[in-house]
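**Q** 3D, please:
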Amino acid sequence: MNQYRIAIADDHCLIRQGLKSLIRTCPSLCIVAEADNGSELLEKLQLHRPDMVILDITMPQLNGIEALRRIRDQYPEMAVLILTMHSGSYHFYQAMTAGAHGYLLKDDSESELLIAIGTIREGRPYVSSQLAPEVTDEVIANFRGDAKTPCFCLSDREKEVLRLVVQGCSSRAIGERLGISPRTIDHHRASLLKKFKMKKTVDLVNHVASSGMLLPDDKP
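**A** Numbering: from 1, shown residues only. This next block holds a predicted model:
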């Protein structure tokens, strides 16, 4: 098997050194480049074209999310594994929306990093075991853009309902506002979940809010 070529971007030297030491214990992996900011990383990617980038989020000059967007645009075949201290849903959904193939936390174990690399190498996404119980494969697919976002395929009524659902309104409150029964609203909710390929309303709300989706008639 050919070696899997990896680039590392993190503004902390000790983190980079630790990653290199760990990855070098696996004969099928090799480090071909490292950078301490997003701008330097993009320059080195032109020269080395690795199979994967392990990328921090908080970096000077060009942060990890913006670097990720540029990588996915310029090198769509290149895998990106986010390795960060940020455990909140905001950064996770930002990374998934931008096209990350995996998301790990810096306090995850060394063995989990190697598992994540292997999983992504096989063509499957990987999420930190600390976050995985809250994240379904369907949510990952929708945020990475593997599934077509159906926003523009919604009826006007579904868009109205979706806006109010995102605002936290109950079916009864939405029904009173739109002049239709709560039962009809429940049908619309079920239809929205089906079109977005999600099982839970909370996943739908997080998707719409975190992806910056702006529905017709919404105001910035």
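
**Q** how about residue 75, what does it touch?
**A** 45, 49 (C-beta atoms under 8 Å, 6 or more residues apart in numbering). C-beta here means a position set from N, CA and C on the backbone, and glycine is covered the same way.

**Q** Kindly provide the distance from it to residue 35.
**A** Look at residue 75 and residue 35: by C-beta to C-beta, to the nearest Å, they are 15 Å apart.

**Q** I'd say residue 181 and residue 174 touch.
**A** No - Residue 181 is beyond contact range of residue 174, at 10.3 Å (criterion: C-beta atoms under 8 Å).

**Q** Between these two, point out the one with more neighbours.
**A** More crowded of residue 181 and residue 174, by other C-beta atoms under 10 Å: residue 174, with 22 against 13.

**Q** Would you agree that one is in contact with residue 185?
**A** Yes - assessed by C-beta under 8 Å, residue 174 is found in contact with residue 185 at 4.9 Å.

**Q** how's the chain carved up into domains?
**A** Domain assignment for the chain, taken from automatic domain parsing, gives 4-144, 151-210.

**Q** which stretch in these is the model least sure about?
**A** Least confident of those, judged by mean pLDDT, is domain 151-210 with a mean of 83.

**Q** what helix or strand is the residue most central in space within the chain on?
**A** Centroid-nearest residue in the chain, with C-alpha atoms, centre = their mean: residue 96, separated by 1.0 Å. Under the criterion of DSSP states H and E, residue 96 resides in helix 89-98.

**Q** What helices and strands are in contact with the following helix or strand past that helix?
**A** Downstream of helix 89-98, the first helix or strand assigned by DSSP H and E is strand 102-105. The contact analysis (3 or more C-beta pairs under 8 Å, 6 or more residues apart in numbering; DSSP states H and E) places strand 102-105 against strand 79-84, helix 89-98, helix 110-121, strand 126-127.

**Q** Also compute the angle for the helix holding residue 96 relative to strand 79-84, please.
**A** 170 degrees (axes from the mean of the first three to the mean of the last three C-alpha atoms, to 10 degrees).

**Q** ok, back up a step: so which of the helices and strands packed on strand 102-105 is nearest residue 191?
**A** Nearest of these to residue 191, taken as C-beta to C-beta: helix 89-98 at 22.9 Å.

**Q** then that closest one to PDB, C-alphas only?
**A** Below are the C-alpha coordinates for helix 89-98, written out as PDB (Å, rounded to 0.1, in the frame of the first residue of the first chain):
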ATOM      1  CA  SER A  89     -21.600  23.000  18.100                       C
ATOM      2  CA  TYR A  90     -20.900  26.300  16.400                       C
ATOM      3  CA  HIS A  91     -17.400  25.500  15.300                       C
ATOM      4  CA  PHE A  92     -18.300  21.900  14.500                       C
ATOM      5  CA  TYR A  93     -21.200  22.900  12.200                       C
ATOM      6  CA  GLN A  94     -19.000  25.600  10.600                       C
ATOM      7  CA  ALA A  95     -16.400  23.000   9.800                       C
ATOM      8  CA  MET A  96     -18.900  20.400   8.400                       C
ATOM      9  CA  THR A  97     -20.600  23.100   6.300                       C
ATOM     10  CA  ALA A  98     -17.200  24.100   4.900                       C
END
